[in-house]
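> Kindly generate the corresponding structure for this input.
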Amino acid sequence: MKAVSIFVLVLACLCLFAEAQLTFTSSWGGKRGAVAATMSCRSDETINAIYKLIQNEAERLLLCPQKP
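Below is the predicted model of the structure:
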């Protein structure tokens, strides 16, 4: 049991020092790269759809009962 606790402690310490970054670019190979290359980066329809989605979610959260 003591060995497992030490192992978990060492693993937790290693996780504190681990850092990673994942970046996808338009040249990234795969399905997403091909789709991103054909889509426009900005369009009024897309911005309006995102705005409407955020607004709908905000309204839905306001309707939820609040916990004291």
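> and residue 62, how many neighbours?
Number of residues near residue 62 (other C-beta atoms under 10 Å) recorded here: 8. Bear in mind the C-beta positions are built from the backbone N, C-alpha and C, glycine included.
> Equivalent analysis for residue 4, please.
Residue 4 is flanked by 8 other residues according to other C-beta under 10 Å.
> Secondary structure element holding it?
Secondary structure assignment for residue 4, by DSSP states H and E: helix 2-17.
> Quick one: mean pLDDT over that helix.
Average pLDDT, helix 2-17: 82.
> So for the host helix or strand of residue 52, mean pLDDT?
Assigned by DSSP H and E, residue 52 belongs to helix 44-63. Average pLDDT, helix 44-63: 90.
> Mind giving me the packing neighbours of that helix?
Using 3 or more C-beta pairs under 8 Å, 6 or more residues apart in numbering; DSSP states H and E, no helix or strand is in contact with helix 44-63.
> could I get it in PDB with only the CA atoms?
Extracted C-alpha coordinates of helix 44-63, given in PDB (Å, rounded to 0.1, in the frame of the first residue of the first chain):
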ATOM      1  CA  ASP A  44     -21.700  37.100 -41.500                       C
ATOM      2  CA  GLU A  45     -23.800  33.900 -41.400                       C
ATOM      3  CA  THR A  46     -21.300  32.000 -39.300                       C
ATOM      4  CA  ILE A  47     -20.900  34.900 -36.800                       C
ATOM      5  CA  ASN A  48     -24.600  35.300 -36.500                       C
ATOM      6  CA  ALA A  49     -25.100  31.500 -36.000                       C
ATOM      7  CA  ILE A  50     -22.400  31.600 -33.200                       C
ATOM      8  CA  TYR A  51     -24.000  34.700 -31.600                       C
ATOM      9  CA  LYS A  52     -27.500  33.100 -31.700                       C
ATOM     10  CA  LEU A  53     -26.100  29.900 -30.200                       C
ATOM     11  CA  ILE A  54     -24.500  31.700 -27.300                       C
ATOM     12  CA  GLN A  55     -27.600  33.800 -26.800                       C
ATOM     13  CA  ASN A  56     -29.800  30.700 -26.700                       C
ATOM     14  CA  GLU A  57     -27.600  29.000 -24.200                       C
ATOM     15  CA  ALA A  58     -27.500  32.100 -22.000                       C
ATOM     16  CA  GLU A  59     -31.300  32.300 -22.000                       C
ATOM     17  CA  ARG A  60     -31.500  28.600 -21.200                       C
ATOM     18  CA  LEU A  61     -29.100  29.000 -18.200                       C
ATOM     19  CA  LEU A  62     -31.100  32.000 -16.900                       C
ATOM     20  CA  LEU A  63     -34.300  29.800 -16.900                       C
END
